[in-house]
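Asks: fold the following, please.
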Amino acid sequence: MNPKQMKKILKRQGIDIDELEGVTEVVIRMPGRTLVFDAPAVTIMRVQGQETYQVVGTPREAPGQQAGKAVATPAAPAEPKAPAFPEVDIQLVADNAKVSREEAIAALARCRGNPAEAIIMLTNG
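Replies: Predicted coordinates for the structure are as follows:
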C-alpha cells in the first residue's frame with residue numbers, strides 16, 4: 001500500500017497526518033538536560049481534536065546541559081495560553097452548533113478538544 005492510499009484510509013477514520021516542512025531544529029528541555037535534534041523529520045497526527053507530534057532524528061546533548069550539570073537560564077514570563085484547536089474543528093463546531101468562533105473554542109476547551117461533544121453540549125443547551 002502506498003503512502004497516499006494509507007493517508008486516505010486514515011483520513012476516513014478521522015486521522016489526519018501531515019509532515020511539517022522546513023523544520024530546522026527541535027529542542028526538548030528537561031531538568032538538568034537538553035536534547036537538540038538538528039534537521040529532524042517531524043510529523044503531526046490529528047485525532048479527535050488532539051495533536052501528536054513525532055520527531056525522527058538523532059539528538060545531541062546541548063553544550064553545558066549534560067545530566068546533573070544544568071545551566072541556569074532566565075525563565076520567560078508565564079503567559080496564559082489559550083488551548084490551540086485545529087481550525088477545521090473550530091469551524092465544524094461553529095457551523096453545526098450555529099455559534100460564534102469564540103463560543104466554539106470555549107466549548108472545545110470544556111470538552112477537551114472533542115468536536116462531537118462540543119456540538120452536542122452547545123445544541124442541547
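Asks: neighbours around the residue nearest to Asp38 when sequence neighbours are not counted, how many?
Replies: Nearest residue to Asp38, sequence neighbours excluded (C-beta to C-beta, 6 or more residues apart in numbering): Glu25, at 5.9 Å. All C-beta atoms are positioned from the backbone trio N, CA, C, and that covers glycine. Glu25 has 10 neighbours, counted by other C-beta atoms under 10 Å.
Asks: now do the contacts for Glu25.
Replies: Glu25 is in contact with 36-40, counting by C-beta atoms under 8 Å, 6 or more residues apart in numbering.
Asks: again with Ile119
Replies: 92-93, 96-97, 107.
Asks: now, which of those residues sits nearest Pro59?
Replies: Proximity of the contacts of Ile119 to Pro59 was ranked by C-beta to C-beta; the top entry is Leu92 with 36.6 Å.
Asks: grab the nearest non-local neighbour of that closest one.
Replies: Leaving out its chain neighbours, the residue that sits closest to Leu92 by C-beta to C-beta, 6+ apart is Pro115, at 5.2 Å.
Asks: what residue spans form the domains of this structure?
Replies: Following automatic domain parsing, one gets these domains for the chain: 1-67, 80-125.
Asks: quick check: the residue nearest to Asp38 vs Glu61, distance?
Replies: Distance, Glu25 to Glu61, using C-beta to C-beta, to the nearest Å: 14 Å.
Asks: Pro115 too?
Replies: 40 Å.
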